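Engineer: Just to be clear, the model below is a prediction. Sequence and coordinates:
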Amino acid sequence: MPTRRPPLLPAEQVLVDIRPHWTFLTGPLVAALATIALGVTLDVAIPHTSVAVHWVEGAVVAVPCAWLAIRFVRWRRSWLMLTSYRIVDQWGAAGGNQIDIPLDSIDRVSVDQSVMHRIVGSGAIDVVVWDHGMLHRIEDARKPAVLARIITRRLGPPPAHDDHGWA
């Protein structure tokens, strides 16, 4: 299921085009593996159970597996593209959401990483946009410190605006 990339502007170049980090899938994957292991253990430990018990067991195992499947579709349909003019963040399973942030409207970029995220190379990037007071958070970014550095290097000078009424 291919995702639609936005058309590039004249002379615009793609600098980075990535999916979320694989840690996006770890929660549902661990839950699915644990419930499958529990289901198999119960089938082996209690071999002669009723059909109703097997249906309940199947439903309990199906829930985290469905969560994993939905999360995988979201992972496949999500991406971050940094071009020479803007950041395009697309996410969502069914309809999908997309935000375009022009690089010249960005105030600052910061990285949020726990120790575990730092070890595996993932984290979040906060992008603050000038004049809108908007904060856009990019979750599960791959190598967020490197990506933030690339974005920061592409930022232009801050816009000239009059905060205090001075000329």
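Structural biologist: Done, it's in. Numbers count the residues shown, from 1 in each chain.
Engineer: Now the longest helix along the chain: buried residues?
Structural biologist: The residue-count maximum for a helix in the chain (DSSP state H) belongs to helix 51-76. Using 16 or more other CB atoms under 10 Å as the test for burial, helix 51-76 gives 57, 61, 64, 68, 71, 74-75. Bear in mind the C-beta positions are built from the backbone N, C-alpha and C, glycine included.
Engineer: list the buried ones in the helix or strand of the chain with the lowest mean pLDDT?
Structural biologist: Among the helical and strand segments of the chain, the one scoring lowest on mean pLDDT, DSSP states H and E is strand 97-102, with a mean of 84. Of the residues in strand 97-102, 98, 101 count as buried by neighbour count, 16+ other CB under 10 Å.
Engineer: Check which helices and strands that strand sits against.
Structural biologist: The contact analysis (3 or more CB pairs under 8 Å, 6 or more residues apart in numbering; DSSP states H and E) places strand 97-102 against strand 86-91.
Engineer: From the contact counts, what lies against the strand it packs on?
Structural biologist: strand 79-83, strand 97-102.
Engineer: Using the three-state scheme, assign the residue of the chain positioned farthest from its centre.
Structural biologist: Centroid-distance maximum for the chain: residue 48 at 44.1 Å, with CA atoms, centre = their mean. Following DSSP: H, G, I helix; E, B strand; the rest coil, we place residue 48 in the coil state.
Engineer: so what pLDDT did it get?
Structural biologist: The pLDDT attached to residue 48 in the predicted structure is 80.
Engineer: show me where pLDDT drops low in the protein?
Structural biologist: 1-5, 95, 131-132, 156-167 (pLDDT under 70).
Engineer: Residue ranges of each domain in it, please.
Structural biologist: Annotated domains of the chain cover 14-20+80-154, 25-74 [automatic domain parsing].
Engineer: Endpoints of the first one, how far apart?
Structural biologist: So the one you mean is domain 14-20+80-154. 12 Å (CA to CA, to the nearest Å).
Engineer: from memory residue 144 sits against residue 109, does it?
Structural biologist: No: shown here, residue 144 and residue 109 do not form a contact pair, counting by CB atoms under 8 Å, at 9.5 Å.
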